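Colleague: I need the structure of the sequence given here:
(one chain, ligands or ions: 1)
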Amino acid sequence: MSQFPASRFLTKALLSAVFLLLAWAGAFSTERMQSDLQALQAQGPRVAGTPALTAAGEYLAAELRKVGYTVDFQPFTYSRTRDLGSSLQVGDTTLQVSSIAGSPGQRVEGPLAVVPGAGLAADIATLNLQGTIAVVRRGGIPGLEKARLAAGRGAVGIILVTEEPSGTRFTFGGSSPIPGVTLSRSDGDALFNQTGTRAVLDARIVTEEVQGRNVMARRGSASPLAIVGGHYDSVPGSPGANDNASGTVTVLELARQLASSPISEHTWFIFFDGEEDGLWGSRRFVEQNLELVRGLKAMLNLDMVGVDVNGSLGIGGSGELRALADCNALQVACGSAPGGGSDHVPFAQAGVPVLFFFRGLDPNYHLPTDTAADPRLLSQTGQVVRSILERLLR
Ligand SMILES: [Zn+2]
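Modeller: The predicted structure follows:
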């Protein structure tokens with residue numbers, strides 16, 4: 001066997017050590033992210049305004065302080081509606097239904113009236129729905145518009161039949177004049193043959209005041225050039241592993257990776273609260289920090305990045321920012337993502353270039369079965385985000 005002269009051996013050993021160190025410094029720790037995922041889920045659903053959410057916020061703050069960040073909380077309040085257990089009785093059958101956020105809490109009674117087609121304005125506008133509970137398919141136009149149109153034709157309640165499983169939470173995104181509930185197709189399709197059957201719709205909804213809290217980590221005192229964020233709240237009844245402990249943990253690990261890099265002097269890491277109730281945390285941040293927001297070169301938002309739905313990491317938003325993503329060198333399959341529905345939206349509306357990282361709606365979306373996110377996917381996502389920050393801020 002051959003032997004290296006001592007000096008060459010030493011050089012080689014040193015070089016290997018340096019490479020190892022570099023590899024280590026650049027590696028996202030899947031073990032640590034797995035334990036972060038467990039810590040976030042340990043408290044149960046992280047519903048805004050509950051002790052579980054407070055505990056999650058404390059965990060994030062403690063982890064960020066460990067690596068030298070200054071952590072601030074941004075408290076805010078808003079009101080939301082909560083379902084206390086709504087029901088729909090059709091003839092002799094009682095169905096458990098989910099009331100749609102934005103419905104009045106009301107018990108109404110009347111014969112079922114089927115709205116034909118896709119329930120578009122033209123379908124509803126010609127009907128006489130006086131005193132009825134309207135049965136409509138979801139889609140085409142917003143549910144709130146359907147509720148307003150149906151109410152305008154005299155309906156006292158509305159049932160939206162959806163493609164999603166029963167129990168999935170929906171919001172009208174505004175105040176509906178009549179109570180509305182959703183049903184899955186398997187539970188709701190039968191109603192389309194029951195025109196005239198008497199029904200009782202009991203939407204048991206209360207309005208409550210919620211105390212929300214964003215968690216913000218920064219180094220130094222300069223205004224940021226970039227914000228990397230994701231929401232850390234989840235919906236009632238769901239552990240929210242993919243939605244959105246996945247994004248939360250990726251942002252946290254990225255913050256750790258960058259803690260001693262110049263990049264973190266220009267980047268704030270923000271964990272938004274109240275996303276599931278209507279993007280409250282990100283909207284309040286933008287409203288209260290308009291000048292800071294105007295100076296941003298980028299807002300990168302991570303939501304549902306732990307389950308491989310489409311075989312690629314979806315990236316939507318600014319083409320210029322997206323061009324900075326080093327997907328090829330990192331050997332990450334990158335695809336596209338739809339535009340809306342998460343915390344980058346208020347920033348985009350304020351004129352900030354944004355990117356939205358999203359791997360698609362998985363089958364466990366908003367359900368008690370949303371219990372797993374793959375740390376390897378989180379690692380890939382974090383590396384792509386880091387490649388963008390490196391090119392943007394160097
Ligand atoms: Zn989400």
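Colleague: residue 390 and residue 263 touch, don't they?
Modeller: Yes - assessed by Cβ atoms under 8 Å, residue 390 is found in contact with residue 263 at 6.6 Å. Bear in mind the C-beta positions are built from the backbone N, C-alpha and C, glycine included.
Colleague: looking at those two, which is more packed in?
Modeller: residue 263 (21 against 15; other Cβ atoms under 10 Å).
Colleague: gap between that one and residue 123?
Modeller: Distance from residue 263 to residue 123, counting by Cβ to Cβ, to the nearest Å: 53 Å.
Colleague: likewise for residue 339?
Modeller: 27 Å.
Colleague: ok, now residue 241?
Modeller: Separation of residue 241 from residue 123 (Cβ to Cβ) stands at 39 Å.
Colleague: which one of these two has more residues nearby?
Modeller: Legend: neighbour count by other Cβ under 10 Å for residue 241 and residue 123, higher for residue 241 (25 against 18).
Colleague: go ahead and confirm that one touches residue 373.
Modeller: Yes - at 4.7 Å, residue 241 and residue 373 qualify as touching, with contact defined as Cβ under 8 Å.
Colleague: where are the low-confidence patches of the stretch 1-150 of the chain?
Modeller: 1-26 (pLDDT under 70).
Colleague: could you rerun that using 90?
Modeller: Across the stretch 1-150 of the chain, the ranges flagged by pLDDT under 90 are 1-27, 43, 79-85, 96, 98, 101-102, 117-121, 123, 125-126, 139-140.
Colleague: quick one: pLDDT of the residue nearest the centre of the chain?
Modeller: In the chain, the residue lying closest to the centroid (Cα atoms, centre = their mean) is residue 303, at 5.0 Å. At residue 303, the model reports a pLDDT of 98.
Colleague: and it, what does it touch?
Modeller: By Cβ atoms under 8 Å, 6 or more residues apart in numbering, the contact list for residue 303 reads 230-231, 243-244, 247, 275, 342-343, 356-358.
Colleague: give me the domain ranges for this structure.
Modeller: Domains of the chain are assigned by automatic domain parsing as 29-79+209-393, 85-203.
Colleague: pick the most buried one from those domains.
Modeller: Most buried of those by mean neighbour count (mean count of other Cβ atoms under 10 Å) is domain 29-79+209-393; its value is a mean of 20.
Colleague: residue ranges for the helices of the stretch 251-394 of the chain, please.
Modeller: Using DSSP state H, counting those that start in this stretch, the helices found in the stretch 251-394 of the chain span residues 280-288, 290-294, 319-322, 327-330, 345-349, 375-393.
Colleague: and the third one, how far from the chain's centre?
Modeller: To tie it back to what came earlier, the one meant is helix 319-322. The chain centre lies 22 Å from the centre of helix 319-322; the measure is Cα atoms, centre = their mean, to the nearest Å.
Colleague: same check on the first one?
Modeller: Centre-to-centre, helix 280-288 and its host chain are 15 Å apart (Cα atoms, centre = their mean).
Colleague: contact partners of that helix?
Modeller: For helix 280-288, contacts defined as Cβ under 8 Å, 6+ apart pick out 48, 74, 76, 78, 210, 212, 214, 229, 231, 233, 270, 272-275, 293, 343-347, 349-350.
Colleague: how about the residues of the stretch 151-300 of the chain by the ion?
Modeller: Applying Cβ under 5 Å from the ion, we find that the stretch 151-300 of the chain lies next to the ion at 243-244.
Colleague: now, which of the contacts of residue 303 lie within strands?
Modeller: Taking DSSP state E, the ones among the contacts of residue 303 that sit in strands are 230-231, 356-358.
Colleague: now do the phi/psi pair for the closest residue to residue 52 other than its chain neighbours.
Modeller: Using Cβ to Cβ, 6 or more residues apart in numbering and skipping the chain neighbours, the partner closest in space to residue 52 is residue 43 (3.8 Å). According to degrees, to the nearest 10, the main-chain angles of residue 43 amount to phi -90, psi 0.
Colleague: list the contacts of residue 43.
Modeller: 51-52, 55-56.
Colleague: what of residue 375?
Modeller: Going by Cβ under 8 Å, 6+ apart, residue 375 touches 30-31, 33-34, 37, 249, 306.
Colleague: need the pLDDT of it.
Modeller: 97.
Colleague: for the ion, see how far away it is.
Modeller: From residue 375 over to the ion the distance is 18 Å, taken as Cβ to the ion, to the nearest Å.
Colleague: same thing with residue 59?
Modeller: Relative to the ion, residue 59 is positioned 18 Å away (Cβ to the ion).
Colleague: can you give me how far the helix or strand where that residue lies is from the chain middle?
Modeller: Per DSSP states H and E, residue 59 falls inside helix 51-66. With Cα atoms, centre = their mean as the basis, helix 51-66 stands 18 Å off its chain's centre.
Colleague: alpha carbons of it, as CSV, please.
Modeller: In CSV, the C-alpha atoms belonging to helix 51-66 read as follows (Å, rounded to 0.1, in the frame of the first residue of the first chain):
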residue,chain,number,x,y,z
PRO,A,51,-52.5,28.2,25.0
ALA,A,52,-51.1,25.8,22.3
LEU,A,53,-50.3,28.7,20.1
THR,A,54,-48.8,30.6,22.9
ALA,A,55,-46.6,27.6,23.8
ALA,A,56,-45.5,27.3,20.1
GLY,A,57,-44.6,30.9,20.1
GLU,A,58,-42.5,30.5,23.2
TYR,A,59,-40.7,27.5,21.7
LEU,A,60,-39.8,29.4,18.5
ALA,A,61,-38.6,32.4,20.5
ALA,A,62,-36.4,30.3,22.8
GLU,A,63,-34.9,28.4,19.8
LEU,A,64,-34.1,31.7,18.0
ARG,A,65,-32.6,33.3,21.1
LYS,A,66,-30.3,30.3,21.5
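Colleague: after it comes which helix or strand?
Modeller: Next along from helix 51-66, by DSSP H and E: strand 70-83.
Colleague: any idea which helix or strand comes after that next one?
Modeller: Counting by DSSP H and E, what follows strand 70-83 is strand 86-90.
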